[in-house]
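**Student:** Sharing a sequence plus its predicted fold:
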Amino acid sequence: MRVYSTLEEENIRDRNLVREWSASGLLDSSQSASIQAQLQTDLRQTNGFLRAVFWFFTSLISIAGVALSAVILRPHEHTEWAVIFVTSSLACWALAEFACRKRLYRYGIEEALAVISVVLVSLGVAQMFSGSARWEDVAGLAMAAIGGIAIYYRFGFVYAAVASMVVSAAIPFQLDMGIEEKRIASAIVFTVILVSVRQSGLQSDSSAGSGLAATEAGAWLGTYLMLNIQLATTLFVVPAWFFYSPYQSSTPQIATWFFLFSWAMIWLLPAAGLWLGLAKKERLLIDVSIAMTLLTLITNKRYLGSAAHEWDLMILGIVLMTAAIVIRRWLQSGPNGERDGFTALRLLRSDERKLAAVSIASSMMQPHASSAKQTNTPHDFREGGGSSGGGGATGNF
């Protein structure tokens, strides 16, 4: 059961949409004021910057409180550590509930307390299984996954549901299986979540703050990442050791059948995701599918065993620009500049902010030109000389 009512969350969501439409020129000031007057709520909110600040300092205070308890109690056994972690977790959860009762909504304080609560209970459960390092990790991850789902259903934090999904998919990598089985098991976890979300019929955001569209897109991307075996070594998006067990002494070889299956899936998954996203007009799924397509184009040469060249990305950029121009002109040539509900016009101001953020991120990711290499060429300086003193006025240099 949610700590916030559905009506309150819907009012906040609709009020944010009205503000965005007004800033984008879709509504005038009088229309915006009239609609927002009907969407009042007593929930207390803050801006994104203060939300992050509150989140950081609340987390810092919570961690300091647990550390102080450990210093005072001086636990020695794993059971004693487990008691401290679990007790602290319950206290943080109770404080998060109290903050929500004080009408805080996405304020950073209640979020940090809930997240720290799950982290602490996961550490406590892991301490209970400390006799086996492998099962200790599995128990901790399983508890973290359950806690993430509990946060999502209680407080409605979408990132908690996504994090729970990622943690669940990481559990197979702690088991004693082959790398192919680990990747397939993790992909199955993502796929089961994906199917559950789509079958629920709620991904259309009919429920305020449901976040199922984000969960669906995350599950689709997670399945792709698990099946693209060339991604880690190509882009270093994730470290290569993430895909292997920490108990293996060397990186295992990928079986031929799984290699071919992986190559086929990195083409099929983006195509299927893009088709479903366009059919349902799910913006987030479309964006994720386009990102997966780009990753496929970048990693395909490694699958084919072709040599990588410096001009590969230049060709890819030219292809993408050409495709963007063609699609834009095709959309603009339709009636009223749109086709089947899609348009090339930028309707919302938030789209401009997103493009600006992407531009800044892309500029930060550009490799910097290396400084000129210094050659160790011998110089012509010869010791001696300076017969007149004063720095060697008559010396030979």
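**Tutor:** Okay, I see it. Numbering: from 1, shown residues only.
**Student:** What is the burial count for Ser122?
**Tutor:** Residues lying near Ser122 (other C-beta atoms under 10 Å) number 23. Bear in mind the C-beta positions are built from the backbone N, C-alpha and C, glycine included.
**Student:** Sorry, slip of the keys, the one I care about is Gly273.
**Tutor:** With other C-beta under 10 Å as criterion, Gly273 counts 27.
**Student:** Now do the same contact list for it.
**Tutor:** 220, 285, 288-289, 292 (C-beta atoms under 8 Å, 6 or more residues apart in numbering).
**Student:** Next, the buried residues of whichever strand or helix holds Leu294.
**Tutor:** Element membership of Leu294, judged by DSSP states H and E, is helix 283-304. For helix 283-304, burial by neighbour count (16 or more other C-beta atoms under 10 Å) applies to 284-286, 288-289, 292-293, 295-299, 302-303.
**Student:** One more: stretch 168-177?
**Tutor:** So, applying 16+ other C-beta under 10 Å, buried residues of stretch 168-177: 168-174.
**Student:** returning to that earlier point: farthest-separated two in the contacts of Gly273?
**Tutor:** Farthest pair in the contacts of Gly273 (C-beta to C-beta) is Leu285 and Met292. Separation: 10.3 Å.
**Student:** Mind listing the shared neighbours of these two?
**Tutor:** Joint contacts of Leu285 and Met292 (C-beta under 8 Å, 6+ apart) are 220, 273.
**Student:** Run through this protein and note the low-pLDDT ranges.
**Tutor:** The model of the chain has pLDDT under 70 over residues 132-134, 201-210, 232-252, 358-359, 361-397.
**Student:** If we use 80, what do you get?
**Tutor:** The model of the chain has pLDDT under 80 over residues 1, 24-25, 130-134, 198-211, 232-254, 308-310, 341, 344-397.
**Student:** ok, which stretches of it are strands?
**Tutor:** For the chain, the strands defined by DSSP state E cover 338-339, 342-343.
**Student:** Let me have those strands in a markdown table, adding mean neighbour count and distance to Ile72 as columns.
**Tutor:** Compiled in a markdown table, the strands of the chain are given as follows (neighbours: other C-beta atoms under 10 Å; distance: least, C-beta to C-beta, whole Å):
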| stretch | mean neighbour count | distance to Ile72 |
| --- | --- | --- |
| strand 338-339 | 14 | 66 |
| strand 342-343 | 14 | 62 |
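**Student:** Ala82 is nearest to which of the ones you listed?
**Tutor:** strand 342-343 (54.0 Å).
**Student:** any idea how far Ser306 is from Gly277?
**Tutor:** 30 Å (C-beta to C-beta, to the nearest Å).
**Student:** Equivalent analysis for Phe157, please.
**Tutor:** 24 Å.
**Student:** same thing with Leu269?
**Tutor:** Distance from Leu269 to Gly277, by C-beta to C-beta: 12 Å.
**Student:** next one: Ala213
**Tutor:** 10 Å.
**Student:** what touches both of those two?
**Tutor:** Leu285.
**Student:** Please report the number of neighbouring residues for Arg19.
**Tutor:** Arg19: 14 neighbours (other C-beta under 10 Å).
**Student:** oh sorry, the question was meant for Gly337
**Tutor:** With other C-beta under 10 Å as criterion, Gly337 counts 11.
**Student:** Cross-check the contact I'm expecting between it and Arg346.
**Tutor:** No: with contacts defined as C-beta atoms under 8 Å, Gly337 does not count as touching Arg346, sitting 11.7 Å away.
**Student:** Verify the stated contact: Thr343 with Leu331.
**Tutor:** Yes: using C-beta under 8 Å, Thr343 is in contact with Leu331, at 6.0 Å.
**Student:** With adjacent residues omitted, what lies nearest to Val189?
**Tutor:** Ala169 (4.5 Å; C-beta to C-beta, 6 or more residues apart in numbering).
**Student:** Distance-wise, check the one you found relative to Ala185.
**Tutor:** Counting by C-beta to C-beta - Ala169 and Ala185 are separated by 8 Å.
**Student:** Helices of the stretch 151-300 of the chain, start to end?
**Tutor:** Ranges of helices within the stretch 151-300 of the chain are 158-170, 179-200, 212-227, 231-235, 256-280, 283-304, based on DSSP state H, counting those that start in this stretch.
**Student:** for those helices, which one ends up most surrounded?
**Tutor:** helix 212-227 (a mean of 23; mean count of other C-beta atoms under 10 Å).
**Student:** Report the distance from it to the chain centre.
**Tutor:** In terms of C-alpha atoms, centre = their mean, to the nearest Å, the centre of helix 212-227 is found 11 Å from the chain centre.
**Student:** before we move on, what about stretch 52-72?
**Tutor:** With C-alpha atoms, centre = their mean, you get 24 Å for stretch 52-72.
**Student:** Over to stretch 325-333?
**Tutor:** Using C-alpha atoms, centre = their mean, the offset of stretch 325-333 from its chain centre is 31 Å.
**Student:** How about stretch 86-99?
**Tutor:** The chain centroid and the centroid of stretch 86-99 are separated by 26 Å, computed with C-alpha atoms, centre = their mean.
**Student:** Run through who's touching that stretch.
**Tutor:** Under C-beta under 8 Å, 6+ apart, the answer for stretch 86-99 is 3, 62, 65-66, 69, 107, 109-111, 113-114, 116-121, 124-125, 155.
**Student:** for it, which positions count as buried?
**Tutor:** Taking 16+ other C-beta under 10 Å as the criterion, stretch 86-99 shows 86, 88-89, 91-93, 95-97, 99 as buried.
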